[in-house]
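Chemist: sequence-free structure coming up:
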């Protein structure tokens, strides 16, 4: 394993070490591995993987291709990178998806179970302790609530006429009520997030009624919820939750995907990403998220030159906030909304440095409103308030891009 950077933890100055070791713990969050066992660089066919959907992959390399889901070499590299950067995390959050983007009839039950089994095995082998968050659950006063949000997915036909699928909302409400009585602090984990996809306007994953119930749950129990961790988008983003009076009460962190697969969702242009993994620094006494450090593989570089994982950014440095509390994340969102340099920085992080094009007016609206408003009606109002299509002449666009790049150098 050839790392471009040593672990960022080793670069901290000595004056901060005593405080860090006494109150700070670390955990990994990985999501959307999407292993495609069919990936074959040596194939003579135009497409080297089933997950490409027939798209040609002439540049498919050892660690993957942007039109394909993850080959095993990328899965193995990811876990090796995590082990090299932080070998002894307090726990690991793993929020799906595991299987490739192929039609259901091409998979079947047995291959799905085999994929999940193999991924589970490599994670457990690489990290023999701390896995499944037992360490967190066994600490008095700490609780993790893992929700099956696939029940709320708008494509799930089995739940479209059910008010509370599997009685999960009722169960979660009771668990959180009991946690409050027992003075527990809670992390919530799931795969499919509520709210809207920032790369396609008006694209929600939850059905409207389920989306509202989730928001109500967070607002009701925000005093004990100290973090929400989801995936599914394959992008690096976050979502804000507010009280009825408009105060920031919770933040949901959306982890980038390991798979570099360019989505085929209609309306999304070039929606790929570089493989990303995320480390959280948290207060071991309060569960406050202190910082977020994202590491990534530049897929093109690694395929052509050599395998390389490097630090992409640290939240507190990149956005100049003291921590990742709801108040700080609200400040990050406001800076992205009002400052073009922060917007562009966030936009490039969003695809894990894959899409480096300019984020102009409509792009800004889509990202800011998705971050700010999880509620359906509030999101629509945000789009109207912030929005309006923007079409610029080519020369003006080029000049604007040049000016913005010069302004954002620092």
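Modeler: Structure's in. What do you need? What you see is a predicted model; the values in this text were computed from it and never measured.
Chemist: run through the strands of the stretch 151-300 of the chain in chain order.
Modeler: For the stretch 151-300 of the chain, strands defined by DSSP state E, counting those that start in this stretch occupy the ranges 185-189, 225-230, 237-242, 248-254, 276-283, 289-297.
Chemist: name the next helix or strand downstream of the helix or strand bottoming out on mean pLDDT in the chain, please.
Modeler: One helix or strand of the chain scores below all others by mean pLDDT, DSSP states H and E: helix 134-137, with a mean of 42. Moving toward the C-terminus from helix 134-137, the next helix or strand (DSSP states H and E) is strand 142-146.
Chemist: quick one: that next one to chain centroid distance?
Modeler: Put simply, strand 142-146 sits 19 Å off its chain's centre (Cα atoms, centre = their mean, to the nearest Å).
Chemist: which helices and strands sit right next to it?
Modeler: With contacts taken as 3 or more Cβ pairs under 8 Å, 6 or more residues apart in numbering; DSSP states H and E, strand 142-146 sits against helix 134-137, helix 168-181, strand 185-189. Every residue, glycine included, has its C-beta placed from N, CA and C.
Chemist: show me the contacts for residue 244.
Modeler: residue 219 (Cβ atoms under 8 Å, 6 or more residues apart in numbering).
Chemist: cool, residue 168 as well?
Modeler: When the contact criterion is Cβ under 8 Å, 6+ apart, the partners of residue 168 are 147, 148, 151.
Chemist: filter those to the buried ones?
Modeler: Buried residues within the contacts of residue 168, counting neighbours by 16 or more other Cβ atoms under 10 Å: 147, 151.
Chemist: got the contact list for the biggest helix by length in the chain?
Modeler: If you go by DSSP state H, the chain has its longest helix at helix 109-126. Under the criterion Cβ under 8 Å, 6+ apart, residues 33, 35, 37, 75-76, 79-80, 82-83, 92, 94, 98-99, 131 lie in contact with helix 109-126.
Chemist: any idea how far it is from the chain center?
Modeler: Chain-centre distance of helix 109-126: 21 Å, with Cα atoms, centre = their mean.
Chemist: what residues sit buried inside it?
Modeler: Within helix 109-126, the residues scored as buried using 16+ other Cβ under 10 Å are 115, 119, 122, 123, 126.
Chemist: with adjacent residues omitted, what lies nearest to residue 254?
Modeler: Among residues not flanking residue 254 along the chain, residue 237 sits closest, at 4.6 Å (Cβ to Cβ, 6 or more residues apart in numbering).
Chemist: pretty sure the one you found sits against residue 198.
Modeler: Yes: the criterion here is Cβ atoms under 8 Å, and residue 237 meets it with residue 198 at 5.7 Å.
Chemist: residue 348 belongs to a helix?
Modeler: Yes: assessed with DSSP: H, G, I helix; E, B strand; the rest coil, residue 348 lies in a helix.
Chemist: sounds good, over and out.
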